[in-house]
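A.B. asks: Sequence first, then the predicted structure, then my questions.
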Amino acid sequence: MNKKDKLTTGSPFKTLLLFSLPMILSVTLQQFYNICDSMIAGKMISDNSLSAVSATYPITVVYLAIAVGFGVGANIITARFIGQKNYKNAITSVYTSLITIAIMALVVSGLGLALLKPLLIMLNVNDQPYYDEAFTYLLFYTCGILFLFIYNVVTSLFQSLGNSRIPLYLLIFSTILNVILDILFVKADMGIMGIALATFISQAIASIISLIILLIYTKKILGEREKIFGKRILKTILPIAIPSIIQGSIISIGGVFIQSLINSFGPSVTAGYGASYKIVYVIVNIYTVMSNAISTFTSTNAGAAKYDRIKKGFYSGLIICGILTIIATFIFMIMPKPLLSIFGNENTSEEVVEVGKRFIYCVAPFYIFLCLKIPCDGVLKGSKDMRNFMIGTFLDLIIRVLLSYILGNVLPDEYKLYGIFLSWPLGWAAGMVFSLLAYKHGRWKKLIGYEDKKDIKEIANN
């Protein structure tokens, strides 16, 4: 079977599962970068070092959201061209995306470096004992934005080409390298600077190698490029990429505000929340990957006018998310303390562990809301119904941030953290209801020319 066409043929469930698995492993390993940084900081340095990595995590997520958001646009448009068998535009889309993201990376890294101290002040880190370590870690991370952006867009482009394995193999290599360098640099008494430098070097190597392989791969399966940059193609990418960037960035900025509130409770709460946040977000990011996989599946089949496969892909994604939800909820609810123990040592305070357990208990039982929301979001994005996708996302964000600040201030001291933590599932629930209604309403069908009655007959005939 032609690799370019494998998303439009065969069993939708099997196709989506095999396509998404390498992506899930990839994003999990990519998160492992920061988890390793936190783990080694907590075990080999101190609780303050763990707090420094945890406190700056929401800022790094903003940077990642920009890269992933643009990657969504590049992915969907390139996949659409491939579904239409328009390979000349597909390869131009690849090069246009790479040039654009490189320019964006330089701009964002410049702004990030200029605003480094104001960002830490906004996070309520300026008066904390771990300020210098947080500054060092964020400085090195910001310097590596170019590599972060290129790697994530290259990964999105590989996915649009129907190959999610190559970036996975490279990420496995760079993750192992990151762990080795983390340990070597910390043992060399470089402290938090060693952890930051290890991440910088590992991401740089993964980014450069993956870019070279992508250029060779696209030439092999799509042919020679005619244009290195297409203004019209960029204009088709941006209407999808910009809302995705805004959506991802705003959600991440919401995380910054919540983190700022958390940081005001002191280093132990920051460390405990940061550790549990990373554990919880492993699953949240897997849901996001499934959304992107469903988007690519939807876009490719819409381009090939195989509309009957889109609904089958939706239900297949729902089943996959359901299995993930059952497994994740069960594991998190019965063993939160062993999971949190990977971030600490014998000197870790009991408050750090208790705060982490509290957050996991407040959030993990409600993954079901994301399970129902994510497949809907995938179809909405893949069919370019960005309006409804963004409304559902912003609804989740606004409720979560507002409730965090309201409950975190009005409740008695012993219940304030519970109020902040429970704002998460309440926001998810609101976003889920809207996304389900948007999928059922069917504006996305009109955007891709989906003639529902016709496809019902096709499904019946199959």
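C.D. replies: Arrived safely, thanks for sending.

A.B. asks: Name the nearest residue to residue 264, ignoring sequence neighbours.
C.D. replies: residue 124 (5.1 Å; CB to CB, 6 or more residues apart in numbering). Where C-beta positions appear, they are placed from N, C-alpha and C, glycine not excepted.

A.B. asks: How much space separates the one you found from residue 113?
C.D. replies: With distances taken as CB to CB, to the nearest Å, residue 124 is found 21 Å from residue 113.

A.B. asks: One more: residue 227?
C.D. replies: 33 Å.

A.B. asks: Touching, residue 29 and residue 169? I think so.
C.D. replies: No. Look at residue 29 against residue 169 with CB atoms under 8 Å: they stay out of range, at 10.3 Å.

A.B. asks: Compare these two and say which is more crowded by neighbours.
C.D. replies: Remark: of residue 29 and residue 169, residue 29 carries more neighbours, 20 against 15, as counted by other CB atoms under 10 Å.

A.B. asks: Now do the more buried one, the pLDDT please.
C.D. replies: Here, the pLDDT recorded for residue 29 equals 72.

A.B. asks: and what of residue 18?
C.D. replies: pLDDT recorded at residue 18 is 82.

A.B. asks: Ok, residue 103 next?
C.D. replies: You'll see residue 103 listed with a pLDDT of 92.

A.B. asks: Start the count at 427 instead of 1 going forward.
C.D. replies: Noted, 427 is the first residue going forward, which turns the last one into residue 529.

A.B. asks: Which strands or helices does the host helix or strand of it pack on?
C.D. replies: Here residue 529 sits within helix 513-540, counting by DSSP states H and E. Here helix 513-540 touches helix 473-509, helix 557-569, helix 571-586, helix 617-648, helix 657-689, going by 3 or more CB pairs under 8 Å, 6 or more residues apart in numbering; DSSP states H and E.

A.B. asks: can those helices go into a markdown table with extra columns for mean pLDDT, mean neighbour count and distance to residue 710?
C.D. replies: Output for these, formatted as a markdown table (pLDDT from 0 to 100; neighbours: other CB atoms under 10 Å; distance: least, CB to CB, whole Å):
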| stretch | mean pLDDT | mean neighbour count | distance to residue 710 |
| --- | --- | --- | --- |
| helix 473-509 | 78 | 26 | 11 |
| helix 557-569 | 83 | 21 | 20 |
| helix 571-586 | 85 | 26 | 17 |
| helix 617-648 | 83 | 20 | 21 |
| helix 657-689 | 76 | 20 | 10 |
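
A.B. asks: Sketch out the low-pLDDT regions of the stretch 727-876 of the chain for me.
C.D. replies: When residues are selected by pLDDT under 70, those of the stretch 727-876 of the chain lie in 769-775.

A.B. asks: 80 instead, please
C.D. replies: Scanning the stretch 727-876 of the chain for pLDDT under 80 picks out the ranges 729-730, 766-778, 810, 868, 874-876.

A.B. asks: distance of the residue nearest to the spatial centre of the chain from residue 760?
C.D. replies: Per CA atoms, centre = their mean, the C-alpha nearest to the average position across the chain is that of residue 711, at 4.9 Å. Distance of residue 711 to residue 760, computed by CB to CB: 22 Å.

A.B. asks: One more: residue 511?
C.D. replies: Separation of residue 511 from residue 760 (CB to CB): 50 Å.

A.B. asks: out of the two, which sits in the busier spot?
C.D. replies: More neighbours surround residue 511 than the other of residue 511 and residue 760, with 12 against 8 (other CB under 10 Å).

A.B. asks: Quick one: classify that one as helix, strand or coil.
C.D. replies: Classification of residue 511 by DSSP: H, G, I helix; E, B strand; the rest coil places it in coil.

A.B. asks: cool, and residue 876?
C.D. replies: Under three-state DSSP, the three-state class of residue 876 is coil.

A.B. asks: Verify the stated contact: it with residue 736.
C.D. replies: Yes. Using CB under 8 Å, residue 876 is in contact with residue 736, at 7.1 Å.

A.B. asks: Could you name every residue contacting both of those two?
C.D. replies: 728, 809 (CB atoms under 8 Å, 6 or more residues apart in numbering).

A.B. asks: Compare neighbour counts for these two and give me the winner.
C.D. replies: The neighbour comparison of residue 876 against residue 736 (other CB under 10 Å) goes to residue 736, with 25 against 18.

A.B. asks: can you pull the contacts of that one?
C.D. replies: Residue 736 makes contacts with 723, 724, 727, 728, 805, 808, 809, 874, 876, as judged by CB under 8 Å, 6+ apart.

A.B. asks: Top of those residues by number of neighbours, please.
C.D. replies: residue 808 (32 neighbours).

A.B. asks: was I right about it contacting residue 720?
C.D. replies: Yes. Applying CB under 8 Å, one finds residue 808 in contact with residue 720, separated by 6.5 Å.

A.B. asks: Just the CA coordinates for stretch 433-452, please, in CSV.
C.D. replies: C-alpha atoms of stretch 433-452 as CSV (Å, rounded to 0.1, in the frame of the first residue of the first chain):
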residue,chain,number,x,y,z
LEU,A,433,-5.1,6.8,6.1
THR,A,434,-7.8,6.6,3.4
THR,A,435,-8.0,2.8,3.2
GLY,A,436,-8.5,-0.2,5.5
SER,A,437,-10.2,-0.5,8.8
PRO,A,438,-10.6,3.0,10.4
PHE,A,439,-10.0,1.7,13.9
LYS,A,440,-6.9,-0.3,13.0
THR,A,441,-5.6,2.6,10.8
LEU,A,442,-6.1,5.2,13.5
LEU,A,443,-4.7,3.0,16.3
LEU,A,444,-1.5,2.1,14.4
PHE,A,445,-1.1,5.8,13.2
SER,A,446,-1.6,7.2,16.7
LEU,A,447,0.5,4.8,18.8
PRO,A,448,3.9,6.1,17.6
MET,A,449,2.5,9.7,18.1
ILE,A,450,1.4,8.8,21.7
LEU,A,451,4.8,7.3,22.5
SER,A,452,6.5,10.4,20.9
